[in-house]
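Novice: I'll drop the sequence and a predicted model, then ask my questions.
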Amino acid sequence: VQLVETGGGSVQAGGSLRLSCAASELSSDDYATAWFRQAPGKGREAVSCFDNMDQETYYSDSVKDRFTISRNPAKNTVNLQMDSLKVEDTAIYYCAAGPVVKWDDDQEYDDWGQGIQVNVSS
C-alpha cells in the first residue's frame, strides 16, 4: 500500500492545519492508520491512530484535546485535524498503516508515507 501525505505547511502558534493521508488501495478492516512525527534531533513519536476494526481513536498525551483523527472510507483517506498548534508540534509528520496490536509502536506498521513538514512559529 502506498501512502501519500498532504496538507503540511507553516502556521503561527495557535493556528490550525489539516493533514491528509491517502492510500493507494482500500485498507483492510484489521488495519490501523496512524500519524507519527519526528522533530529535528529527536526520535519518532506516535501522535494518533485510527483503528479500522473497532473505529477507536488514540492520541498521545501531547496532542490530546488539540488533534482529531478521522477516516473517510469513500476517499480512502485518514485525516488529522490539528488545532491550537504549538511551536513544539514542529516536525515531519508521517502516515503509517498496518495490522497493529500496539498503536504507538512504529515497528508494527508495514507501510509508510514519505513524510510532510509542519512548521509552527511563535
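Specialist: Looks like it came in fine.
Novice: Let me see the mean pLDDT of stretch 36-56.
Specialist: Averaged across stretch 36-56, pLDDT comes to 95.
Novice: contacting residues around it?
Specialist: Stretch 36-56 is contacted from outside by 27-35, 57-60, 62-63, 67, 69-71, 78, 80, 88-94, 96, 100, 103-106, 115, 118, using CB atoms under 8 Å, 6 or more residues apart in numbering. The C-beta positions use only the backbone N, C-alpha and C, and glycine is treated the same way.
Novice: which element follows the host helix or strand of R18 toward the C-terminus?
Specialist: Here R18 sits within strand 17-23, counting by DSSP states H and E. Following strand 17-23 in sequence order, the next helix or strand is strand 32-38 (DSSP H and E).
Novice: which stretches of this structure form strands?
Specialist: 3-6, 9-12, 17-23, 32-38, 44-51, 57-59, 67-72, 77-82, 91-98, 111-112, 116-121 (DSSP state E).
Novice: Could you identify which of the ones you listed is most buried?
Specialist: Comparing these by mean neighbour count (mean count of other CB atoms under 10 Å), strand 32-38 ranks first with a mean of 24.
Novice: Could you check how far that one is from the centre of its chain?
Specialist: Using CA atoms, centre = their mean, to the nearest Å, the mean C-alpha position of strand 32-38 is found 4 Å from that of the whole chain.
Novice: cool, and stretch 102-117?
Specialist: With CA atoms, centre = their mean, you get 9 Å for stretch 102-117.
Novice: Same question for stretch 59-73.
Specialist: 8 Å.
Novice: Output that stretch as CSV, restricted to C-alpha atoms.
Specialist: Extracted C-alpha coordinates of stretch 59-73, given in CSV (Å, rounded to 0.1, in the frame of the first residue of the first chain):
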residue,chain,number,x,y,z
TYR,A,59,-3.9,10.1,20.9
SER,A,60,-0.6,10.8,22.6
ASP,A,61,-0.8,12.9,25.8
SER,A,62,1.0,15.8,24.0
VAL,A,63,-1.8,16.2,21.4
LYS,A,64,-4.9,15.0,23.2
ASP,A,65,-7.7,17.6,23.1
ARG,A,66,-6.0,19.5,20.3
PHE,A,67,-5.7,17.0,17.4
THR,A,68,-8.6,15.0,15.9
ILE,A,69,-8.1,11.9,13.7
SER,A,70,-10.8,10.7,11.3
ARG,A,71,-11.3,8.3,8.4
ASN,A,72,-13.1,8.9,5.2
PRO,A,73,-13.8,5.4,3.7
